[in-house]
Every structure is written in structure tokens, then in C-alpha cells.
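Enquirer: Need coordinates for the following:
(chains A and B)
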Number of protein chains: 2
Amino acid sequence: MTALFQQVTIVGVGLIGGSLGMVLKEKGLANSVVGLGRSLENLKLGVELGAIDRYERDPRLALQGTDLVVLATPIESYASHVTQWGALLEPGAIISDVGSVKGPLVEQVETLLPPEVHFVGAHPIAGKEQSGVQAGSSQLFQGSLCIVTPTDRTNAQALDRVCKLWEVVGSHTILLDPHLHDWILGAVSHFPHVVAFTLMNALGEIQQQSKEKVELLRYSGGGLRDTTRIAASSPEMWRDISLWNRENLLSMIETYERHLIQFKNLLKAKDGEGLEKVMSQARTLRGTLR
Amino acid sequence: MTALFQQVTIVGVGLIGGSLGMVLKEKGLANSVVGLGRSLENLKLGVELGAIDRYERDPRLALQGTDLVVLATPIESYASHVTQWGALLEPGAIISDVGSVKGPLVEQVETLLPPEVHFVGAHPIAGKEQSGVQAGSSQLFQGSLCIVTPTDRTNAQALDRVCKLWEVVGSHTILLDPHLHDWILGAVSHFPHVVAFTLMNALGEIQQQSKEKVELLRYSGGGLRDTTRIAASSPEMWRDISLWNRENLLSMIETYERHLIQFKNLLKAKDGEGLEKVMSQARTLRGTLR
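Expert: Predicted structure coming up:
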């Protein structure tokens, strides 16, 4: 198909950035895909794996002739990136991203934008526990959801082009207010990670409590394996997500605490009927999950 | 192979009892497999599906000539069963079970045993969210772990025969003290169920809090699906397991609460280093899971 963009520069050629590059090249959505990053080794790997056509470590060279920059670096680094090279972009260029938090980050980036450069926040809901371009795939976004988060300041044409991009790579796009995005993703993704991390650490302490020094985890089955799968996710990434979505997470943790205390009190009171009721509620709600 | 038992009577022909019957018959481990239960419809289904050779609803007829009875009913019902028909068993007969809790139940059953009838507690760690004999399979126990829980009162020959049974159906057997079993399974199975039930219910309340009336769960991905899979388990069964393993669960819930509060406090304090540390601990521990 005809290219949507002259040149796309991907900042951070990891799992998501690398996979985006692979599918952009595969589908010919950009005449050229450039990788910008720090690690020479990783950028070379990105070229070998077909994630980028070429790489640069100097923003000036990486951004010359670029009409779309995709931030695929840790969300914590957005401000320093845009401050460092935003002014190098040509009028009409678009900055987008793939970050898991939107509200405060979109606000931050919008205040740093040079005139005539547009920002469109995007969050492709795709990934694995593995990270790095070596885990990348041009199929990663196929059939997944991509939430795009415009604001009053978002340029309509830029928004259209970014939505088009994600649809062509195989995602279903939905427009959401950046703060509503954070509340929703906080609930269905960030908060479950907190629950899984906490479960693993609680089991670690329970293991320590054992007088017999039993190796607890060798007795585990598929239930614990599934329940804690996401506890294997990147601590650096989830530290940043937690900090940037802090208010939502704090209130969700408190909601969880209330339900845990309710369960504990039912159990203390040996209230079988009450326990069955809350378990049935949970089971019914679980039944509505896609 | 030669039969290990003349006649095995399975009390409760559901997922586990039915699957056991299927593999007993498939491997010729019993000359006859009899189903004892209340629902005529279910018992007929058990015969159709090859889980039992015949069924009885009168214990007298179901137990005549039986040298092994397997309790595959809700753990709550053990006492009433053994009280009702224990005395009908012939000297040397064995009662075993497949229940998920052992300590208090083994003690209870042992006090109700007629002279010369032996009890051997067993817990095959196998199952699915689906229940009922229609979900049964002769392969259910293949490669799984079966924990057998002898006490000072356990007859050595009866113990050997029950272990042999589970090994021949494809399980790896481990002997554990009944109370140690409950602590271990409480940690790796029962407690994660509490965490998953609670997560679903917390999300249910968070959904209610939404002003926009967003359908939260349609934005969920594989992470939430895996984390809450076991929240689809049977409320009746997990009510009983929770009540019978109450003390262990209460102390594990309190350990979890402490770790959740620790996480909350790190987040409140915006302590990125501390958050990354607890997440890394969790990830490392998760890496040790089979």
C-alpha cells in the first residue's frame, strides 16, 4: 500500500518499538524507518531483525525528514526527549507514543511541544513478559486494541493519521480521554499487576515462616502459575507506570483492601453463606470477561 | 494389569470421582467400579461416560464386596457419609478421599472409623474450573501430583495400596503430614483463590464508581484474564475449603495485607527505588515457579 509517512523515527527499539518498525516495513507504511537509541548493539540488532532500515544516535540525523516520531522509551523519559530534540522537528511533524499511562504524560508533552509540532498519545494494548526487540514480531498488534487519547489541543489531521497507522497494523482503535484511559487501564491492567506482585511477595514471606523449610512452590499448580504470570513483568517499567498512575492505583488498592477485609471477617465469623455469596459474585463477574 | 482392588466404590461421581473411575476402568485396576450418589441422572451419565460400571443409591448395595471407598463428595459431607455407612464395610476395607483439605478432616474421619476399617487421606492436585463427570477424563491425573497424608493411626498396607493406585493412574505421590499439607496447599492454592476472588470483586466495585459508566472489562487483556482465571471456580467448593483451612488462610491474608500496605506506602511516598525493589523480589520468586 502507499506509505502513510515519509519517514518514521522510533525512539527506543524494544519489544513495542521494534514490533511497530517490523510491521511498518512489512506493510510499507513508511518510506523509511529510523531507529534512535543509545545502545549501538541493540540498534544493530534492530536492523538485523528488520525492525528499522537504519539507526542514528544523533537526534539531528535521526529526525531529518521525519514526519512521525514514536516514543517507545520508558514513560519517565518523555520530557527529556522532547526537550532535547523537539525543536529539530519540521512543521507539521507528529510525535506519538506507546506508553501505558496517558493523563499526566500527555499534559507534560503538550506543554513542551514546539509550535506546529503535533502530539497524539497512543497506547497499543499488546505485549509479553519478554522484552527487547529480539522478542518483537510484526504480528504483535494483530487483533489488539489501541487506545488513542486526544485532547482539546490535538490536531485533527494528526489524530487521523495516527489512528490510520494503528488500524493498518492490525489494531482496533478507540478514542478515550487521557485521564479516563488511566483510570480504565489502572483497573484492568496496572492494579492486577500490583495484586500479582504482592501475591508473590506474600508467598515469599510465608515460605520463610515455614519451620520445616518446605519448598512451597514445588507444590504449586496451574492456578498459581496463571495468577502470578504478570508478576514476571519488568520492575523498571511497572515502577514508572505505578508512579505515573499513582492516584488511581492508591484508590484501587484501598478498594481491594476493603474487599479483602470483608472476606477475612466472613472467614473469622465462619459465615459460609457470606463467603459463598462473595465468591459467586466474583465468579459471575469473571464470566463476563472476554 | 491385575486388579489392585476387587471393587471400588466412588462416592460422588463428579469431575474428580468420575475421572478416577474412568482411569480405574481403563487400566483394569478394579474388577468393578460402583458409583454411589444421589442424582440418578448424574449416575446414569457416569455409566454412559464409562466412569462407573454400575451405580447404587443405597449404600448397602453400593458397598457390598467393596475393598476401597473413595470419598469424592464435598469435604463438608465426609462425617455424615462415614457415620451413615461406615459400619457396613467389611474388615480390612479402605476409605480414601480426594479432598483439598486434610488436617481437621482426617482427624474427624479417623474418630468415626469402625474397627478394622482403614482411612488414607489423598489429594490429587488436578482439576479444572469446569465441574461434573461430563468434564472428566481418564488423563486428568497423568503427570500430576497426589499428596497422601498418613497419620500415626494409618495402616501401612492400606497406605501402600492407595499410593500404588495413584501412581498407576499417572500421579507422582508424596507423603505429607495432613496439617503440613493444609499449610502448603493453603499457600499455593487456597490463598491465591482468595486473592483472585477479591480482585474480581474489587473490580466490580471500581466499575460501579465510574461516572462515565464505562464497561471496564472490555478493555482487559490477557493479564487480567490469567490473573482471575481461578475466580471462576465453584463457590460451594471454595466456601468449604476456606472454612476447613480457616486458620492458615486468616494468617496468609494478614501477611498479604502487610505486603499490600507496604506497596501502598511506597507508592504514597513516591519511593520509586522501593517499588522497583519489591517488584524485583516478586519477579525473581516468580522465576522459580515450575
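Enquirer: where exactly do the helices run in the stretch 1-150 of chain A?
Expert: With helices called from DSSP state H, counting those that start in this stretch, the stretch 1-150 of chain A shows them at A:15-26, A:40-48, A:59-63, A:78-85, A:103-112.
Enquirer: buried residues in the helix ranked longest in chain A?
Expert: Ordering each helix of chain A by length in residues (DSSP state H) puts helix A:246-268 first. For helix A:246-268, burial by neighbour count (16 or more other C-beta atoms under 10 Å in any protein chain shown) applies to A:246, A:248-249, A:252-253, A:255-257, A:259-260, A:263-264, A:266-267. From N, CA and C alone the C-beta is placed, and that goes for glycine too.
Enquirer: Closest to B:Thr66 out of these?
Expert: Nearest to B:Thr66 among these: A:Leu267, at 36.7 Å, using C-beta to C-beta.
Enquirer: Quick check: that closest one vs B:Leu29, distance?
Expert: Distance of A:Leu267 to B:Leu29, given as C-beta to C-beta, to the nearest Å: 39 Å.
Enquirer: With A:Ile125 instead?
Expert: Per C-beta to C-beta, A:Ile125 is found 49 Å from B:Leu29.
Enquirer: Okay, domains of chain A per the record?
Expert: Chain A breaks down into these domains under automatic domain parsing: A:5-176, A:180-286.
Enquirer: And for the residue in the stretch 1-150 of chain A that chain B sits nearest to, the neighbour number?
Expert: Residue nearest to chain B within the stretch 1-150 of chain A: A:Ile125 (5.3 Å; C-beta to the nearest C-beta). A:Ile125: 21 surrounding residues under other C-beta atoms under 10 Å in any protein chain shown.
Enquirer: likewise A:Lys44?
Expert: Residues lying near A:Lys44 (other C-beta under 10 Å) number 13.
Enquirer: just the one 5 residues further on next, same as before
Expert: As a burial measure, the neighbour count of A:Leu49 was computed by other C-beta under 10 Å and equals 17.
Enquirer: Quick check, central residue of chain A?
Expert: Against the mean C-alpha coordinate of chain A, by C-alpha atoms, centre = their mean, the closest residue is A:Ser100 at 3.4 Å.
Enquirer: does that one really touch A:His193, like I thought?
Expert: No. Contact criterion C-beta atoms under 8 Å: A:Ser100 and A:His193 do not qualify, at 10.0 Å.
Enquirer: any residues in contact with both of those two?
Expert: Common neighbours of A:Ser100 and A:His193 are listed as A:Ile241 (criterion: C-beta atoms under 8 Å, 6 or more residues apart in numbering or on different chains).
Enquirer: Next SSE downstream of the lowest-mean-pLDDT helix or strand in chain A?
Expert: Of all helical and strand segments in chain A, the minimum by mean pLDDT, DSSP states H and E falls on helix A:222-227, at a mean of 92. Counting by DSSP states H and E, the next helix or strand C-terminal to helix A:222-227 is helix A:235-244.
Enquirer: Which elements pack onto the helix or strand that contains A:Ala196?
Expert: Applying DSSP H and E as the criterion places A:Ala196 in helix A:191-209. For helix A:191-209, the helices and strands in contact under the criterion 3 or more C-beta pairs under 8 Å, 6 or more residues apart in numbering or on different chains; DSSP states H and E are helix A:235-244, helix A:246-268, helix B:191-209, helix B:222-227, helix B:246-268, helix B:272-287.
Enquirer: Tell me how far the least confident helix or strand of chain A lies from the chain's centre.
Expert: Using C-alpha atoms, centre = their mean, to the nearest Å, the mean C-alpha position of helix A:222-227 is found 23 Å from that of the whole chain.
Enquirer: Show me which residues of that helix are buried.
Expert: Buried positions in helix A:222-227, judged by neighbour count with 16+ other C-beta under 10 Å: A:223-227.
Enquirer: With stretch A:159-175 instead?
Expert: The neighbour-count check on stretch A:159-175 (16+ other C-beta under 10 Å) flags A:159, A:161-163, A:165-166, A:168-171, A:173-174 as buried.
Enquirer: near chain B, from the buried residues of helix A:246-268?
Expert: Applying C-beta under 8 Å from any C-beta of the partner chain to the buried residues of helix A:246-268, one finds that A:246, A:249, A:252-253, A:255-257, A:259-260, A:263-264, A:267 fall near chain B.
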